[in-house]
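> I would like the atomic coordinates for the input below:
(chains A and B)
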Amino acid sequence: MNTATLRIHAPDSARRIEHIALVGNPNCGKTSLFNQLTGARQKVANYAGVTVERKEGMLTLPSGRHVRLLDLPGAYSLDATSPDEAVTRAVCLGELPGESIPDLLVCVVDATNLRLHLRFALEIRRLGRPMLLALNMMDDARRRGITIDVTGLSQHLGIPVVETVAIKRHGAAALLNQIESFELPAVAASGAQDHSPLDPQLLHQEVRAILAATVVMPRATDARDDAIDRFLLHPVFGILTLTVLMFFIFQAVFTWAQPFMNGIGYLVGALGDWVTSFLPDGMLHSLLKDGVFAGLGTVLTFLPQILILFFFILVLEESGYLPRAAFLLDRLMFGAGLTGRAFIPLLSSFACAIPGIMATRSITDPRDRLTTIMVAPLMTCSARLPVYALLIGAFIPARTVWGLFNLQGLVLFSLYFFGIISALLVALVVKYLRRDKSEHALLMELPSYRMPSWRSVCIGLYERAGIFLKRVGGIILALIVILWFLAYFPQPPADATGAPISYSFAGQLGHLISPVFAPIGFTWEICIALIPGLAAREVVVAALGTVYALSGNEDAVGHQLGSLISAQWSLPTALSLIAWFVFAPQCLATMATVRRETGSWRYVGIMALYLFTLAYVASLITYHVALLLS
Amino acid sequence: MTTHPVSATSELVQALILGGFLLWSVVFVLRKYASVWMYRQQAALASYAQSHGFSRLSRWLQPAQIAATGCGSGCNTCGSCAMNPAAAETKPVQWKTPSSSAGCH
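Numbering: from 1, shown residues only, chains lettered A, B, ... in the order given. Model (predicted):
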């Protein structure tokens, strides 16, 4: 690996590097490099805008010395236009409260896209801070026949330049050596930094001059990318491919997961029977059997479906296809008043609304950002998947349609699709309500296609499974214990005739609020389950398991909650609950994130109110239409 | 399924275990959804214990100063978010810029 070392500072009485920041354009591989250098597992993907907040880690130099490393959001310029770019600018200029100015700036550039990335590097160089350039993705550059004179580039820029391949195991070794040997000036740079806006024409001319002297590119773009894009970005075939792909994913979620779900269900049931067989009848027996095993066990069975969904999302993220999907859907999103930049935040919301709302920081215009935040919760987050899967499994027959498709998979696909359509409709309403009618065109970078790294996909799945299990063993368990307590106490009077749970705190609360939800067909048991569901949606499944187990169906729940509810609920009630969950008011953590990102409780209130109204109206219509038809 | 009779001792033991479970659950939920409030209560308890000479108890009660290393959302799904109010209240971006009002321009 080539390295061009340029000593630009006085070697005597040099200071030690204690604090380094990675800067660069979006999607140049900063976070991959950060993970490589620190051993962290921050999220990476093949599109711009994944990192919207600074991340911190420690890297170990070859000498064994530890240095603090910051990974900053990608920026196209120091003249920040979006909140995430503002963080990068503030750190580089030492203006971020509580964050000292880095001793060394490592500017990461994509070696296959120097024409764009060197512009930012030149801006950073003007700051006069100690700096070095990491030419990342050198493996891709070589594959495309791009030749870079590293020594010449270093001389032109006046800073050390080092080659890196952030996704390879030892791809950052040269960078570490370079950092180790880098000598800082004896006196830290004063505040006389030049960060006035540069004339774009002059900047571009300088970049072109450097490239002419140091880089040989056989072709401006990758021939392979162009060939694939001719098909995947075609106005007809592109949309068709996207639809088929999404369709296939949801089919797979239902079809492939079933054997694993059955296996987990069997194991949890058997474990529950075995553990509780050693306990005497009483409170602890009930807590374990009706709370932990009936509640948590039911949620746990949905792990395979979540992992299959995330397998596809991770593969698509790694491949570079997702920004293409944003491009394909831009016309549709633009028509609904959303910017094309909203695609990535909305896509992130399929995992969880919280990272989706965080990802809106890459949206420049505050008005577009607010609209995206308001509609992000309508994307079907992974916490809703167990609820959908339970209800679909219980009420939709597992038969094949048109000789090819699984009906349950079709319904799941339509629910995800319905969430997307709802988001577009809400955005359309916001578009007509707002006073400012100016529109912003989409300008986004399409990354090169890459073969997904199976190691990264496996790590991503492992982490997703860890997050899910941690939720099950953490917040869901805690809520279920509290719910069990409320559903077990007080005990029924001696002459009680109904199920014991009817006399409990939870039972009384369920009966109290059930008149509100009776018009949409919800039973009092469902009403109880909705309350802890505000904390985390999967809890609804666990709560239903606990509530039905305490209602005298513990053995039935222990083995199959789906069969139990299909026998106890009417089809209109089930469909009404499904409709409720398409819009259901967000979990508390999402509300807190909206408060944090907007700095206002007003938007939190508006969001909660509109989601509740939509959920109620959708359930009301669904319930009564289903009643009429059944 | 085998059922076992319940003795008074067994009931007491069960009630104690249950109480522990319940306390853990309530603290867990409060730490997650009212982390700033919990931090303050915990710090106040630690300070109270310190002022009454229970140094070890005070150290044990003192809430941990976890650095904000998660995504910054505070949802703490990954378990790496800050719990201390100083970190949790840090606003990484300014929603209202001087040139815009109410988030719109």
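> is it true that A:D71 touches A:V52?
No. Contact criterion Cβ atoms under 8 Å: A:D71 and A:V52 do not qualify, at 11.2 Å. Backbone N, C-alpha and C define where each C-beta goes, glycine included.
> residue of the stretch 251-400 of chain A closest to chain B, please.
With Cβ to the nearest Cβ, the shortest gap between the stretch 251-400 of chain A and chain B falls at A:P280, namely 3.6 Å.
> cool, and the stretch 51-200 of chain A?
For the stretch 51-200 of chain A, Cβ to the nearest Cβ, closest residue to chain B: A:P83, 3.4 Å.
> quick one: that residue and A:T298, what's the gap?
Distance of A:P83 to A:T298, given as Cβ to Cβ, to the nearest Å: 40 Å.
> of the two, who's got more company?
Using other Cβ atoms under 10 Å in any protein chain shown as the criterion, A:P83 and A:T298 rank with A:T298 on top: 27 against 24.
> ok but the more buried one is inside a helix, no?
Yes. The assignment for A:T298 (DSSP: H, G, I helix; E, B strand; the rest coil) places it in a helix.
> quick check: pLDDT value at it.
With respect to pLDDT, A:T298 scores 81.
> quick check, it in contact with A:V387.
No. Contact criterion Cβ under 8 Å: A:T298 and A:V387 do not qualify, at 10.9 Å.
> overlap in contacts, those two.
A:V541 (Cβ atoms under 8 Å, 6 or more residues apart in numbering or on different chains).
> low-confidence regions, the chain specifically.
Answering for chain A, as no chain was given. Across chain A, the ranges flagged by pLDDT under 70 are A:1-14, A:186-197, A:435-442, A:552-559.
> try again with chain B
For chain B, the ranges with pLDDT under 70 are B:1-6, B:8, B:64-105.
> select the longest helix from it.
helix B:8-33 (DSSP state H).
> what comes up buried for the helix or strand that comes right after that one?
Using DSSP states H and E, the helix or strand that follows helix B:8-33 in sequence is helix B:35-51. Within helix B:35-51, the residues that qualify as buried by neighbour count (16 or more other Cβ atoms under 10 Å in any protein chain shown) are B:S35, B:M38, B:Y39, B:Q42, B:A46, B:A49.
> point to the residue nearest the middle of chain A.
In chain A, the C-alpha nearest the mean C-alpha coordinate belongs to A:S348, at 3.6 Å (Cα atoms, centre = their mean).
> tell me the contacts of it?
By Cβ under 8 Å, 6+ apart, A:S348 lies in contact with A:P355, A:G356, A:M358, A:A359.
> near chain B, from those residues?
Among the contacts of A:S348, the residues lying close to chain B (Cβ under 8 Å from any Cβ of the partner chain) are A:P355, A:M358.
> looking at the contacts of A:S348, which are in helices?
Per DSSP H, the subset of these in helices is A:P355, A:G356, A:M358, A:A359.
> now those residues in a markdown table, with distance to A:R455 and neighbour count?
Formatted as a markdown table, those follow (distance: Cβ to Cβ, whole Å; neighbours: other Cβ atoms under 10 Å in any protein chain shown):
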| residue | distance to A:R455 | neighbour count |
| --- | --- | --- |
| A:P355 | 22 | 22 |
| A:G356 | 26 | 26 |
| A:M358 | 26 | 26 |
| A:A359 | 24 | 25 |
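> just the terminal-to-terminal distance for stretch A:45-57.
19 Å (Cα to Cα, to the nearest Å).
> could you give the backbone dihedrals for the residue of the stretch 51-200 of chain A closest to chain B?
Dihedral angles of A:P83 (phi, psi; degrees, to the nearest 10) stand at phi -60, psi -40.
> distance of it relative to A:G599?
In terms of Cβ to Cβ, A:P83 sits 12 Å off from A:G599.
> likewise B:L18?
Taken as Cβ to Cβ, the span from B:L18 to A:G599 is 42 Å.
> would you say A:L22 is within a helix?
No. Per three-state DSSP, A:L22 lies outside any helix segment and is strand.
> list the contacts for it?
Going by Cβ under 8 Å, 6+ apart, A:L22 touches A:K30, A:L33, A:F34, A:L69, A:L70, A:D71, A:L72, A:V106, A:V108.
> now A:L550
Contacts of A:L550 by Cβ under 8 Å, 6+ apart are A:S286, A:D290, A:W484, A:A487, A:Y488, A:A499, A:P500, A:I501, A:S504.
> now with 10 Å, please.
A:L550 sits next to A:286, A:289-291, A:294, A:483-484, A:487-488, A:499-502, A:504, A:506-507, A:525, A:528, A:557 when contact means Cβ atoms under 10 Å, 6 or more residues apart in numbering or on different chains.
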